[in-house]
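Student: Quick one, what's the 3D model for this:
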Amino acid sequence: MPSQPSKDLETFDNPQPERDYTIRIRVPEFTCLCPKTGQPDFATLDLEYVPEHKCVELKSLKLYVWSFRDEGAFHEAVTNRILDDLVAAIQPRFMRLTAEFNVRGGIYTTVVAEYRAEYWQPAPPVSLP
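Tutor: Residues are numbered from 1 along each chain as shown. Presented below is the predicted three-dimensional model:
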């Protein structure tokens, strides 16, 4: 049976919960519908997160992203909804979602939404000589 879109986000245990490390995921084929015209909107989603105890499973993320294909949503709303759903699923230390939408009417839109656990502080940057 072929895959179907789904709002279920599956997770797996973080293999290194004692370490801060960054997971970066690029989704170049996100689509939803413009709530005003019904025409498709296309975007590239860049997800970055520092996991706590759970990581998002990639096939479930693919099916989750697919589930927006026939939904009308403003860029700002859909970006924040995806971030909220991912945070609820995995409760990361930090997460940033950047949604870079293709041109529509001569205008490009990029929406950046972030979540940071209250207790988490990033390590200071390392400067190499």
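Student: got the buried residues for the longest helix seen in the chain?
Tutor: The longest helix of the chain (DSSP state H) is helix 75-90. Within helix 75-90, the residues that count as buried by 16 or more other Cβ atoms under 10 Å are His75, Val78, Thr79, Asn80, Ile82, Leu83, Leu86, Val87, Ala89, Ile90. (Each C-beta comes from the backbone N, C-alpha and C, glycine too.)
Student: Dump those into JSON lines; add distance to Ala113 and pLDDT as well.
Tutor: As requested, the buried residues of helix 75-90 are exported to JSON lines (distance: Cβ to Cβ, whole Å; pLDDT from 0 to 100):
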{"residue": "His75", "distance to Ala113": "11", "pLDDT": "97"}
{"residue": "Val78", "distance to Ala113": "10", "pLDDT": "98"}
{"residue": "Thr79", "distance to Ala113": "5", "pLDDT": "98"}
{"residue": "Asn80", "distance to Ala113": "5", "pLDDT": "98"}
{"residue": "Ile82", "distance to Ala113": "8", "pLDDT": "98"}
{"residue": "Leu83", "distance to Ala113": "4", "pLDDT": "98"}
{"residue": "Leu86", "distance to Ala113": "10", "pLDDT": "98"}
{"residue": "Val87", "distance to Ala113": "10", "pLDDT": "98"}
{"residue": "Ala89", "distance to Ala113": "15", "pLDDT": "98"}
{"residue": "Ile90", "distance to Ala113": "15", "pLDDT": "98"}
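Student: so what strands line up beside the helix or strand hosting Tyr108?
Tutor: Per DSSP states H and E, Tyr108 falls inside strand 107-116. Strands that pair with strand 107-116, judged by DSSP bridges, come out as strand 94-104 (antiparallel).
Student: what sits up against the strand it pairs with?
Tutor: With Cβ atoms under 8 Å, 6 or more residues apart in numbering as the test, strand 94-104 has contacts from 30, 34, 41-50, 75, 78-79, 82-83, 86-87, 108-117, 120, 122.
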